[in-house]
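Visitor: Structure of the sequence below:
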Amino acid sequence: MPDDSAFDVVIAGGGMVGASLAVALAALPLRVLVVEARPPADAAQPSYDDRATAVSESSRRILDGIGCWPRLAAAAAPIRAVHVSERGAFGATRLRAADHDLESFGYVVENRIIGRALWESIEAADGLTAWAPAKVVGLEQGAAHIDLRIDRGDAAPVSVAAKLLVAADGAGSPLRTMAGIAHQVRDYAQSAVIANLTPATDPAGTAFERFTPSGPLAVLPLTERRATIVWTLSPADAVAQAEKSDADFLAALQAAFGYRLGVFRKVGRRARYPLSLVQSEAWHAGRVVLVGNAAHGIHPVAGQGFNLGLRDAAVLAELVARHGDPGASELLEEYAEWREEDRARTVRDTDSLVQLFTSDFAPLRAGRRLGLVGLDLLPAARAAVARRGMGLGGRLPRLALGRPLAP
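Guide: As a prediction, this is how the structure comes out:
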């Protein structure tokens with residue numbers, strides 16, 4: 001009988017990245033415990049709320065490789081074209097998947113649907129144990145394992161030993177602090193207003209990125225002729241817009257976006273999220289390792305947050321598959337080296353877009369408008385941008401290449 005207090009890997013955080021890692025590890029002969037503060041179906045579960053996620057092509061391959069994509073495909077809206085423009089300016093960039101011999105650049109899937117598919121896979125896997133609600137409230141590092149105290153809502157915390165603790169507990173990660181890993185935060189002084197809506201014209205596979213004076217406005221296709229928006233505003237404006245009547249909100253959104261999709265007819269529940277750049281100063285400490293937003297919380301301007309975190313999970317799973325000890329220092333050093341290049345590039349790309357399109361400096365305004373025109377005219381440049389957006393640049397894990405987790 002296995003020891004119920006001893007695990008190979010404990011994953012603290014059952015959101016989309018943590019749950020994906022758990023499902024990937026289910027293919028290995030390991031005992032894995034997922035600890036999640038809220039039940040997955042809880043309406044307050046922040047990872048599985050009303051938002052939708054842009055799933056890049058590399059992420060689709062990862063989800064397919066861990067057996068989850070078949071559960072998602074019917075609810076996934078393909079992105080067959082991307083239209084980038086700036087409000088009040090000439091010039092635009094149009095990227096079409098067909099120009100690159102692709103069916104799509106990626107897909108848009110609602111978070112609740114992703115969460116349900118992942119947790120169904122967790123519950124069906126023999127090697128996975130899930131405790132929810134539960135949270136890690138203490139840890140003590142050892143040479144060969146890490147001792148954890150886990151609060152399951154009982155009178156006293158449960159003691160558990162693990163060879164590796166994965167902190168997948170979000171940008172505010174308590175475990176990052178417990179492990180002594182410092183982080184930096186830069187407040188963008190912006191908030192995102194997120195909602196699903198129904199436009200008069202079916203988006204039909206086109207995603208729009210509209211840069212406005214307040215920040216970027218993304219309108220992404222969903223199934224059933226719907227769209228989802230991520231509208232970046234000042235914190236005060238975000239509060240005002242979220243509290244408006246549906247009619248007044250749609251009128252303001254229409255003024256910012258225009259009529260490329262006709263009249264916006266209906267909007268669902270709106271939510272607000274403050275935006276900041278969060279970066280850990282290390283990827284691991286002892287037998288604790290960071291994935292997803294615990295390691296990097298980025299601006300949603302390019303829709304790369306989940307995709308970056310999912311590559312964390314795929315790389316870590318691949319390295320664990322190669323090593324006998326999932327918490328070995330050489331494994332975690334290789335993970336940190338591998339992931340740092342991808343993180344640095346993605347943070348640089350997204351942060352540069354935010355800075356470029358929120359600047360009122362006249363030469364920058366002129367340069368970005370010419371850049372949109374130039375990019376539209378240069379096939380090679382468009383191809384490079386498309387490849388980066390699909391998560392196919394740099395060194396990729398096996399799952400993102402469409403290969404099995406281990407040779």
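Visitor: Show me the strands in the stretch 101-250 of the chain, by range?
Guide: 106-110, 128-131, 135-141, 146-151, 158-167, 183-199, 206-212, 215-221, 227-233 (DSSP state E, counting those that start in this stretch).
Visitor: closest one to residue 62 among these?
Guide: Nearest to residue 62 among the strands of the stretch 101-250 of the chain is strand 106-110; the distance by CB to CB comes to 12.0 Å. All C-beta spots, glycine's among them, are computed from the backbone N, C-alpha and C.
Visitor: Give me the packing partners of the closest one, helices and strands only.
Guide: In terms of contacts (3 or more CB pairs under 8 Å, 6 or more residues apart in numbering; DSSP states H and E), strand 106-110 is packed against strand 52-56, helix 57-65, strand 77-79.
Visitor: export those to JSON lines and tack on distance to residue 250?
Guide: Shown next, in JSON lines, are the helices and strands packed on strand 106-110 (distance: least, CB to CB, whole Å):
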{"stretch": "strand 52-56", "distance to residue 250": "18"}
{"stretch": "helix 57-65", "distance to residue 250": "31"}
{"stretch": "strand 77-79", "distance to residue 250": "21"}
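Visitor: Tell me how many other residues surround residue 123.
Guide: 10 (other CB atoms under 10 Å).
Visitor: Okay, now the unreliable bits of the stretch 51-200 of the chain?
Guide: 87-92 (pLDDT under 70).
Visitor: Mind checking the strands of the stretch 101-250 of the chain for the one nearest to residue 67?
Guide: strand 128-131 (12.7 Å).
Visitor: Now tell me what touches the closest one from outside.
Guide: 7, 14, 22-23, 25-26, 31-36, 119, 122-123, 150, 152 (CB atoms under 8 Å, 6 or more residues apart in numbering).
Visitor: go with 6 Å
Guide: 22, 26, 32, 33, 34, 35, 122, 152 (CB atoms under 6 Å, 6 or more residues apart in numbering).
Visitor: By neighbours, which of those wins?
Guide: Neighbour counts for the contacts of strand 128-131 (other CB under 10 Å) peak at residue 22, which has 31 neighbours.
Visitor: just checking, that one is part of a strand?
Guide: No. Counting by DSSP: H, G, I helix; E, B strand; the rest coil, residue 22 falls outside a strand, being helix.
Visitor: can I get the helices and strands packed on strand 106-110 in TSV with mean neighbour count and distance to residue 201?
Guide: Shown next, in TSV, are the helices and strands packed on strand 106-110 (neighbours: other CB atoms under 10 Å; distance: least, CB to CB, whole Å):
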stretch	mean neighbour count	distance to residue 201
strand 52-56	25	19
helix 57-65	25	26
strand 77-79	24	15
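Visitor: before we move on, back to that, quick one, which of the strands of the stretch 101-250 of the chain gets closest to residue 76.
Guide: By CB to CB (comparing all of the strands of the stretch 101-250 of the chain), the closest turns out to be strand 106-110, at 3.9 Å.
Visitor: report the longest helix in this structure, please.
Guide: Counting residues, the longest helix found in the chain (DSSP state H) is helix 329-358.
Visitor: tell me what that helix is packed against?
Guide: Packed against helix 329-358 by the contact rule (3 or more CB pairs under 6 Å, 6 or more residues apart in numbering; DSSP states H and E) you find helix 305-322.
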